[in-house]
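1. This is the structure alone, sequence omitted:
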C-alpha cells in the first residue's frame, strides 16, 4: 500500500503535536476574551429607543433630579422607568407639538405604555436591588456613568459577575457621602464639608438633636460646624463603610446576596 | 434542664423502633437496598421508550441550541421595560402589596392575605386578624391561587358548546325570567349575605321559583342533630383553647371543615409545652399569650374513628371503630356518664368496653396526683365531645346531650344560629329538583358556582340524566355560571365563565359567622362574571330602600351591590364611625367586626333522643363497611385540575395523584390481598411505584373497582374510599385527565370515581360486598422516598436513629431532656448536644459549650464575628428554625405554601413513581406498634402515628458543601446553606452526601412547571428563580424573604424585629408548629423554643450541627386507660 502522506509532512505533523497545547490554550484565551469583549457584554452599547430621550439635556442642562423620574430607586429593588404621565407633566406645557414627542403623546392619549429597550440587562438569576445601594452610598454614576453627558443612554458597565464582585469585595473604593449619591459631577478629591444629610436619620427626631451632631468625627461641637470630609477616596470610603454599616466582604459576597 | 443527662425515659423498657411503612417491617433485602439507594430505581435513568417523535424533538432542540447561541449571544439585550402610562399611587414597582380577602371553600370563607406583585396575585397567606385563620391557612386556600391561573378554566360564554357573547347570554336569561316562569336556582352552600339577599329577592320577584342548595360533602347531619337537640338549626363552634379533655367521634376537626385552621391553632397551643407557658389561670381567662402551656396544662385527646385521620394520629388514645359502631360506643359512654335519656346501646367490642370507664372518669374527674387520693371533680365546661360531619344526626344530638351534661354548652361548645342563607335539606331538595327536571315541570334552571351535582350527586339521583333530557327539550332553559365547564356545565344550554374569588367583589362568612368582604386582586383574566354581578344584571331594579341610603338604586356594579348590603347592615348597628370608615376598615382588615351572630344558650330539648334508631344495623357475614370521605386534597372533586393538590402526598396516606380503597392489614388478610402484596412490592413497595391489587366493591348491584392500600390503624372490617377522583365528564382539564395513563377502570383519568356507589340514603357509610379481582395498578406513594437509612458497618443492619423522639408527659416530667439522648451513641449525649447550634442566652453568652472552640477549625460555617470583628451586633445574624412535633398535625399546608412561594414544579404521577417529586418539605409519617413486626402492624388499636416535617436543616457542617465540585452550594455568613442554581452543573453529589435527603434534582424540565403556559407565568414568585433541568434545589429558609427584610431593615437603619420574617411554611402552618428567627437574638421566639429541653437535633450525632431542630412529640396518655 502506498503511503498516504508524503514524508515531507512529518515535521509539520510533529509541530502540530507540539503546538496542540498552544492551540487549545489559544482557543481558551480567545473564548475568554470574546466573553469579556464589549460585543458580548454590551459595554458601550446604545440600544435604539422608541423616543430619543436625552439625559444630557434633562439632567445635564436642565438639572432635573434623578428621583423626579426614577421615583422608586430609594424604596424598591427596581428603579422604575417613569410612567408616561411623568413626561407629560412638563410636555403638556412645553414642546407640546414637537414631532420627537409624538410617541409620548400617543401613549398618553391611547393609554398604551411606551416600550423602552432595556440598557442595563442583568441575568434573571441575579437579584440586584437599587434601594440598598443608594442607601449605602453608591452613586448613580458609579454604575450608570455620566448620564448628564449622554445624549442617548448607553451601557456603562460590563455587568459581568467580576464587576459586581469587585465592588462587593472592596466597597470602600466606590462609596460616597449620601448627599452626593445623585450628584453626577461628584469628585471625592474636591474638598467639602459633611452635611446632616450624609448621616440621614430615619424616624422622628422629636426635638432631639440630629445624631450626626454628637459625632466628633464629623461635627465640631465647639465651632458649631461640620468638619471637612476626607479628600482621598480611601479614607473617605473606609470612614463611610464604617458609618453606613456596610457589611464585611465575606457577607457581601455570599451567593444568596444576589442569587435566590 | 439537664441536657447532659443520659437518663432513660420513665418507662424503662426499650420501646420498639418506629416504622414508616409495611414494607419496612417486612425488611426484605430488596427493601433495604432500595432504602439505601440514593434515588429509587428509575429516577436516574431515562427509561422511556425512544420514539421517533422524541428523537426529532431532541435533534431539533440541539440544532436550535447550536444555532441559537451563535445568532443571539445576548437574548437579554432585547428585553423591554414597559412602565405604566399613569402609575397608580399605591404601587411602587418591585414592592409587593398585600390585600385582605377571604378564600371561598364549600360556602365558607377563610381570611387570607394575598400578595400582589404589580397587580398579579402570587401568594396566599393566612390573615392573623381573621378569626377563621389567626395567621394559618388551609391547603385549599393556599392552592386556590393555582386555580386562578389554571389554563383550563372556562374562558368564555358558550351556548350548546358554541362560543357566544355575555350580552346574548344575559338577554336570553332576562327573557326567560318572567313572573310566571318556574325557576329553579341551584347553588352550593351559601353564606354570602349579598348573594343570599339577591337570590331571596329573585325568589320574591318570581314567586314560582325555588332555591336548591347542594353540597356533596355537607354538614347536614350536624345541623339535623342540633335541631333534634335544641329545636332549631344551631351551628356549633368549639373553643379548644379552654378544653382540657377532647373526645373526637370520627371528627377530623384539625384538618377538615371550615374552622379547622382556627381549631388547629387553639388545640396545638395546649400541646406546646413551654417552661414559661400559660398557667391554668391564663387559660381560664382565655389569654392567647404567652405561647404554649406549662407541662401540667397539656390537653388530652381521645379519638374514636374508622379511617385514620390526622386528628386520630395526634390523639393520645385512638380507638378504631366501624362507623356503624360509633353510635353504640357513644350511647354506652353516655350511659356511663349518666346522661339523662340516653338511648340504650348495642353490643361493643372488648377494646371499646375497656375504654368506657376510664374515658368517662377522665371527662368528669381530674386524676389524683398521688395514688390512693380521691380524684377531684373536673370543672364544668372544660371538655369537648366533637362529632364528625359524617356521623348520623342522632349521634350529633347525643353528643350535644353529653356536652350539655358536662356543662360545655356556652363554654367550650358555642352555639349560634346558622349563618348559611336558607338552611335547607340538601339531599331531598336535590331529589325533588331531579324529579322536576326529569318531568320537565319547571322552565328555567340556573346553576351558580361550584355546585356540580352531575358529578357529585348520589348514584340513586340521576341528576345528569334528568338535566340532559331537560336541556335537550328546546322549550326549556338551562344556564350555568361556573369557573369551568364541569360535568353540570356542559349539560346546560348556556355557560358563562365565573370569576375567581380573587377577581370579584363579594362577601362571605367564616366558620364562626364572622363576615369578610372579598375584594378583587386582579381584573378577571378571562372576563369572568361573579354570581353577584350576574344576578345584579338580571334582577329588576330595586325600587325601595336602597336609594334612601344614598346608593343609586339602579347600580348594577357588584361593588355597589356589596356595599349596599353592608350599608343596610351598618344602619342597624348604631356605631359611632361613618359608614365609609367602617367600610374601608372592614375591607382592609379582611373581616367585618361584630358581624358574627351572637351565641345563644339553648336548653336541651326533652325529646332529643326521641327518634333515635333502636340500634345500628348489623352487617351480614361476608360484607364490609364502606366509608365515603372527602379527599383530603381534592375535596369533593372541585380541585381535580389543581396540580399542586393532585401531587401533594395526601396527609397520612402519602399517596399522590390517586385515591385508593384503604383497609387494615387484617381486612387485607381476609380479602386475600396480603399474600400477594409483598410479591408485587418487592424492592419497590412504598418507594414510589407501588403495584397493588384491585378490589371490586359491590353496593346493591352497583360496582366499582378500586386499587387497595393497606393502612395500619384502619378499623378492621371496613374500607374507606375518597370521593372527588376519577372525573371524566365535562372539560375538567389537563391535570385531571391523562391520555396515556389509564385508571383502574381503564379510563384516561386520575383515580377512580366513588360516587357511583354512594346513595342518598347512605351518603357516608354503607355495607357492601368486596372481592379481589385480577389485575394490578400502580400507585405513587412518596412515604418510602428519601429514607434517612444508614447501615451499621459491622452488623449490616439498618440503624435505628430515632428521627422522631417521642414520649409521654410522664417521660417529660421524669427527664425533660429525654429527647436529647441520641439513640446510637447515648454515652455521648453531652458532646452531641453541644453540637446543636443554640441561641444566644440572656446573659450574653452564645449558648455554645466552651468545648465548642475545638470545633471551629472543623467547621465550615464561620460565624460572622470571627470573620469581621467590627461587624455591628444587629447585623450578626444566625438564622435558625425549630419545629414542634407535639403541635404538628401533618396537614401538609406547609408543603403547598412552599410550592407556591418557591415556584416548585409539578412533575406528574409517572415522575413521582420514579422518585422525582420536587417538594422541598416532606412530612414523614412514622408508625409505632407494640412490636415492630407484622403482628404489631395488624393490631389496629395499638397503632400510633407521628409526623415529622423535614426540609433542609441548614447544617453548619454541611456534608453537601464539601462534595460540590463547582462550589454551587456554599455557606453564607449568617449560616444558610446557599444553593446557587446558576452555578449548579447537576452532579448530584450533594444529594448523595446529604444524610437528611432533602435535596431535589430537576431530572427534566418538568412540564407541570409549564414554561410555555402564559397564565401560569403570572402566578410565579418573581423573587425566586425558576429552575431548569439539571439543577439541584432545596429549601433555602425562604432566603428571598430574608434578604428582602434585611434590605428594608438596613435602609431604615434598625435591627430586624423578631417575627418580621416568616418563612412560607411557618406563616401557613395552621397549628403554629414552626418558628423561625435569629439565634443571636436572645429574646426571639426561636430562642425560646430552642432553649426548651425537648429540643433536639435530627441526626445531630453526625456532627452536622443542624440549624433546624425539632422538638420531641410529647403525648399525654391517661394512665388509667388500657394499654
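-> Structure received. Keep in mind the model is a prediction, meaning the values are calculated, not measured.
2. Identify each buried residue in stretch B:775-794, please.
-> Of the residues in stretch B:775-794, those buried by neighbour count under the rule 16 or more other C-beta atoms under 10 Å in any protein chain shown are B:777-790. Any C-beta I mention is one placed from the backbone N, CA and C, and that applies to glycine too.
3. Let's have those residues in TSV, adding pLDDT, distance to residue B:322 and secondary structure.
-> Below are those laid out as TSV (pLDDT from 0 to 100; distance: C-beta to C-beta, whole Å; DSSP: H, G, I helix; E, B strand; the rest coil):
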residue	pLDDT	distance to residue B:322	secondary structure
B:777	88	26	strand
B:778	87	30	strand
B:779	87	25	strand
B:780	88	29	strand
B:781	85	25	strand
B:782	85	29	coil
B:783	82	26	coil
B:784	77	29	coil
B:785	80	33	coil
B:786	82	35	coil
B:787	81	34	coil
B:788	83	36	coil
B:789	79	36	coil
B:790	79	41	coil
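4. what's the most distant pair in those?
-> Distance extremes for these: the farthest pair is B:777 and B:790 at 32.7 Å, using C-beta to C-beta.
5. follow-up on the earlier one: I'd like to know which of the buried residues of stretch B:775-794 is nearest to residue B:1093.
-> Proximity to residue B:1093 was ranked across the buried residues of stretch B:775-794 by C-beta to C-beta; first place goes to residue B:788, at 23.8 Å.
6. Now the stretch 101-250 of chain A against chain B: closest residue?
-> Nearest to chain B, among the residues of the stretch 101-250 of chain A, is residue A:248, at 3.5 Å (C-beta to the nearest C-beta).
7. ok, residue B:786 - contacts?
-> B:922, B:950, B:997-998 (C-beta atoms under 8 Å, 6 or more residues apart in numbering or on different chains).
8. Under the pLDDT cut-off, which ranges of the stretch 101-250 of chain A? List them.
-> By pLDDT under 70, the weakly predicted segments of the stretch 101-250 of chain A are A:201-207.
9. can you list the residues that contact the strand or helix carrying residue A:107?
-> Counting by DSSP states H and E, the element that carries residue A:107 is helix A:102-110. Helix A:102-110 is contacted from outside by A:50-51, A:84-85, A:87-88, A:91, A:112-114, B:85, using C-beta under 8 Å, 6+ apart.
10. ok, and the most crowded of the residues you listed?
-> If you count neighbours using other C-beta atoms under 10 Å in any protein chain shown, the busiest of those is residue A:84, which has 26 neighbours.
11. Verify the contact between it and residue B:85 for me.
-> Yes. Residue A:84 is within contact range of residue B:85, at 4.3 Å (criterion: C-beta atoms under 8 Å).
12. if I look at those two, which residues touch both of them?
-> Taking C-beta under 8 Å, 6+ apart as the criterion, residue A:84 and residue B:85 both touch A:107-108, A:113.
13. Give the burial count for the closest residue to chain A within the stretch 401-550 of chain B, as a bare number.
-> Nearest residue of the stretch 401-550 of chain B to chain A (C-beta to the nearest C-beta) works out as residue B:523 at 14.2 Å. By the criterion of other C-beta under 10 Å, residue B:523 has 11 neighbours.
14. quick one: the helices in the stretch 251-400 of chain B?
-> With DSSP state H, counting those that start in this stretch as the criterion, the stretch 251-400 of chain B has helices at B:260-269, B:280-284, B:310-314, B:323-337, B:350-364, B:393-405.
15. if I look at the closest residue to residue A:77 other than its chain neighbours, how far off is residue A:72?
-> Spatial nearest neighbour of residue A:77, excluding adjacent residues (C-beta to C-beta, 6 or more residues apart in numbering or on different chains): residue A:129 at 3.8 Å. Residue A:129 sits at a distance of 11 Å from residue A:72 (criterion: C-beta to C-beta, to the nearest Å).
16. Helix or strand for the residue of the stretch 1-150 of chain A found nearest chain B, just tell me which one.
-> Among residues of the stretch 1-150 of chain A, the one nearest chain B by C-beta to the nearest C-beta turns out to be residue A:78. It sits 3.3 Å away. Element membership of residue A:78, judged by DSSP H and E, is empty: it is in no helix or strand.
17. ok, it touching residue B:93?
-> Yes. Using C-beta under 8 Å as the test, residue A:78 is close enough to residue B:93 to be in contact (5.0 Å).
18. shared neighbours, the two?
-> What both residue A:78 and residue B:93 touch, as defined by C-beta under 8 Å, 6+ apart, is the set residue A:72.
19. Around residue A:29, how many other residues sit close by?
-> Applying other C-beta under 10 Å, I find that residue A:29 has 10 neighbouring residues.
20. What are the phi and psi values at the residue lying closest to residue B:954 once chain neighbours are set aside?
-> Using C-beta to C-beta, 6+ apart and skipping residues adjacent in sequence, the residue nearest residue B:954 is residue B:1107, 4.1 Å away. Recorded main-chain torsions at residue B:1107 are phi -80, psi -30, according to degrees, to the nearest 10.
21. If I look at residue B:1107, what pLDDT would I see?
-> The model reports residue B:1107 with a pLDDT of 91.
22. same deal with residue B:680?
-> 48.
23. cool, residue B:850 as well?
-> Each residue has a pLDDT score; the one for residue B:850 is 45.
24. The closest residue to residue B:433 other than its chain neighbours in helix, strand or coil?
-> Sequence neighbours aside, residue B:212 is the residue nearest to residue B:433 in space, at 4.8 Å (criterion: C-beta to C-beta, 6+ apart). Remark: residue B:212 carries the secondary structure label strand [criterion: DSSP: H, G, I helix; E, B strand; the rest coil].
25. and the closest residue to residue B:757 other than its chain neighbours, what are its bridge partners?
-> Leaving aside its sequence neighbours, residue B:757 sits nearest to residue B:699 (C-beta to C-beta, 6+ apart; 4.1 Å). In this entry, residue B:699 is beta-bridged to residue B:702, by DSSP bridges.
26. Surely residue B:699 is in contact with residue B:755?
-> No. Taking contact to mean C-beta under 8 Å, the distance of 11.4 Å between residue B:699 and residue B:755 leaves them out of contact.
27. ok, the two, which is more surrounded?
-> The residue with more neighbours, out of residue B:699 and residue B:755 and counting by other C-beta under 10 Å, is residue B:755; that gives 23 against 19.
28. Can you give me the distance of the more buried one to chain A?
-> Noted for residue B:755: a distance of 44 Å to chain A, by C-beta to the nearest C-beta, to the nearest Å.
29. again, but for residue B:108
-> In this view, residue B:108 and chain A are 36 Å apart by C-beta to the nearest C-beta.
30. show me what contacts that residue?
-> B:132, B:189, B:191, B:258, B:508-511.
31. Take these and keep only those in helices.
-> In helices, judged by DSSP state H, none of those are found.
32. Name the member of those residues with the most neighbours.
-> For the contacts of residue B:108, neighbours were counted by other C-beta under 10 Å; the highest total belongs to residue B:132, with 32 neighbours.
33. quick one, what contacts that one?
-> Residues in contact with residue B:132, defined by C-beta under 8 Å, 6+ apart, are B:108-111, B:258-259, B:261-262, B:510-512, B:514.
34. What about the residues you listed, which are in strands?
-> B:108-111 (DSSP state E).
35. Work out the gap between the next helix or strand after the helix holding residue A:107 and the centre of the chain.
-> Moving toward the C-terminus from helix A:102-110, the next helix or strand (DSSP H and E) is strand A:116-117. The gap between the average C-alpha position of strand A:116-117 and the chain average comes to 18 Å, counting by C-alpha atoms, centre = their mean, to the nearest Å.
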